[in-house]
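In: sequence and predicted structure below; questions after.
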Amino acid sequence: MNQFELEFHTHTLKYGGLYDHRSDSNCEIWEQLLELWKEAIRHYRLELTTAPDVNIFLINNLNVNACAFTVGQNHYIGIFVGAPMLLNALFREMLSSPDVLPVIGDISKEIRHPKLNHNQLTSVEHYFEASNWKKREVFPKDPLRNQLCQHFETLVMYFLVLHEYTHICNGHVGYSSEISGAAFYIEINMFDNPSFLRNEIRRTLEFDADNTAMSFLLDFILRRTAEGNINGESTNPLFLDPIIGTQFIVFALYSYWRLFDMYIHQWDGSHPPSPVRQSLLIDYILGYHLYTGGEHQLNEMRNRTKATVAEVEFAFSNISHEPYNPFGFLNVQNTEGNSYKINLKRHWNIVRELIEPHAYVAISPSTNI
Ligand SMILES: [Zn+2]
């Protein structure tokens, strides 16, 4: 272990410590993933040159989570190994079904598998139970579908990494460390001590992290789409079309939040409720298409977004016993979400003053709601 790995390990021991991916049989895959995530951070730092350097490591824990903290001058992002593993499983299950996104690739090669139960879909341990895993061996057979599956996982992981990085850059970690008097702040240990940060402050920080991450994710992906360079290699025309490319972003992130809803069972009041996160995504996507293609492209994208939401909902009902609701959150009258937004607006100016002295980058005067 080098100095940073050791420091990271010491501070995350309670949650499993540093995951030694070099002794894993999938070492190369983990290396590639870490490299991709670092690339998203590099992009962020090119845009915001005052943003600090950060170390990204894996945590030996099968839960779907991540964290950010600072020790002295050293910044860290920890990704629980369960997050990429469960996302990978979700998208493999979806794309290996000939019923999901049937227009992509050659579905005649794909075969139907038994549906997953709730535990298998929401827990890496249950999904990867040796007997189940050996029996399933679920991978998309068509190379394009397999590639798309990895692309979806990458998009969601970019979002997660950028969300954690925002906690550092925008001063959330610095502010929380100061008021807690602890050497570091981790979003996961909020559950250990719920009174640590007043809920409305924490919600505002989470929304700020989502908002900034979304803006950078879209900028990063759409720029790479324009350059014809997705995942650092692909020149598949499907990935280079800005309309289809954005549909893929909606598919990936909507799937993640849909899974997150099932995973945490009950909204804990901290992270934005899924409908709020989803409407943030769609606002950004539609805004981008209005800007680049005008009203016509906006309407086209609006229709495709609705269709994509229905496709994700269908995919969930196809691979698991989840009921099929073609409208997803689009027809949900979400009072919880509305009160969440109102509270954010009320608190943004207070929170901004608290985090600004700890921030490495300029803090937005508005919350973009
Ligand atoms: Zn967060």
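Out: Right, received. Where do you want to start?

In: the helix of greatest length in the chain packs against which elements?
Out: Taking DSSP state H as the criterion, the chain has its longest helix at helix 274-319. Helices and strands touching helix 274-319, as assessed by 3 or more Cβ pairs under 8 Å, 6 or more residues apart in numbering; DSSP states H and E, comprise helix 82-95, helix 199-227, helix 242-264, helix 335-355. Where you see a C-beta, it was placed from the backbone N, CA and C, and this is true even at glycine.

In: now the angle from the third one to helix 82-95?
Out: With axes from the mean of the first three to the mean of the last three Cα atoms, to 10 degrees defining the directions, helix 242-264 sits at 120 degrees from helix 82-95.

In: what mean pLDDT does helix 242-264 get?
Out: For helix 242-264, the mean pLDDT works out to 85.

In: centre of the chain to that helix, how far?
Out: On the basis of Cα atoms, centre = their mean, to the nearest Å, the separation between the geometric centre of helix 242-264 and that of its chain is 9 Å.

In: can you give me the buried ones in stretch 246-262?
Out: Using 16 or more other Cβ atoms under 10 Å as the burial criterion, the residues of stretch 246-262 that qualify are 246-261.

In: do stretch 36-51 as well
Out: By 16+ other Cβ under 10 Å, the buried positions in stretch 36-51 come out as Leu36, Trp37, Ala40, Ile41, His43, Tyr44, Arg45, Ala51.

In: wait, Tyr175 sits on Arg352?
Out: No. With contact taken as Cβ atoms under 8 Å, Tyr175 and Arg352 are classed as non-touching, separated by 10.7 Å.

In: the longest helix of the chain and the ion, are they touching?
Out: No. Looking at helix 274-319 against the ion by Cβ under 5 Å from the ion, there are no contacts, and the closest approach is 11.3 Å.

In: mind giving me a markdown table with the helices and strands packed on helix 274-319 and columns for distance to Asn61?
Out: As requested, the helices and strands packed on helix 274-319 are exported to a markdown table (distance: least, Cβ to Cβ, whole Å):
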| stretch | distance to Asn61 |
| --- | --- |
| helix 82-95 | 6 |
| helix 199-227 | 20 |
| helix 242-264 | 14 |
| helix 335-355 | 28 |
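
In: wait, which of those is closest to the ion?
Out: helix 199-227 (4.6 Å; Cβ to the ion).

In: the inter-axis angle of the closest one versus helix 274-319?
Out: Going by the same axes, to 10 degrees, helix 199-227 is angled at 60 degrees with respect to helix 274-319.

In: burial count for the residue lying closest to Leu298 once chain neighbours are set aside?
Out: Counting by Cβ to Cβ, 6 or more residues apart in numbering, Leu298 lies nearest to Leu290, which is 4.3 Å off, once chain neighbours are set aside. Applying other Cβ atoms under 10 Å, we find 16 other residues in the vicinity of Leu290.

In: measure Leu290 to the ion for me?
Out: The gap separating Leu290 from the ion is 28 Å, by Cβ to the ion, to the nearest Å.

In: I figured that residue hits Glu300, correct?
Out: No. Counting by Cβ under 8 Å, Glu300 is not a contact partner of Leu290; they are 10.9 Å apart.

In: any low-confidence regions in the protein?
Out: By pLDDT under 70, the weakly predicted segments of the chain are 130-136, 181-198, 225-238, 264-270, 330-338, 367-369.

In: redo that, cut-off 80
Out: Scanning the chain for pLDDT under 80 picks out 128-137, 179-203, 220-242, 261-280, 328-346, 364-369.

In: I'd like the secondary structure assignment at the residue of the stretch 251-369 of the chain found nearest the ion, please.
Out: For the stretch 251-369 of the chain, the nearest residue to the ion under the criterion Cβ to the ion is His271, separated by 6.5 Å. In the three-state summary, His271 is assigned as coil, counting by DSSP: H, G, I helix; E, B strand; the rest coil.

In: let me see the contact set for it.
Out: Under the criterion of Cβ atoms under 8 Å, 6 or more residues apart in numbering, the contact partners of His271 comprise Arg203, Glu206, Asp210, Phe260, Arg277.

In: same deal with Glu110?
Out: Glu110 sits in contact with Ser96, Ser97, Pro98, Pro140, Lys141, Asp142, Arg145, where contact means Cβ under 8 Å, 6+ apart.

In: for the closest residue to it other than its chain neighbours, helix, strand, or coil?
Out: Leaving aside its chain neighbours, Glu110 sits nearest to Pro98 (4.1 Å; criterion: Cβ to Cβ, 6+ apart). Reducing the assignment to helix, strand or coil with three-state DSSP, the entry for Pro98 is coil.

In: pretty sure Pro98 contacts Gly105?
Out: No. Pro98 is beyond contact range of Gly105, at 9.9 Å (criterion: Cβ under 8 Å).
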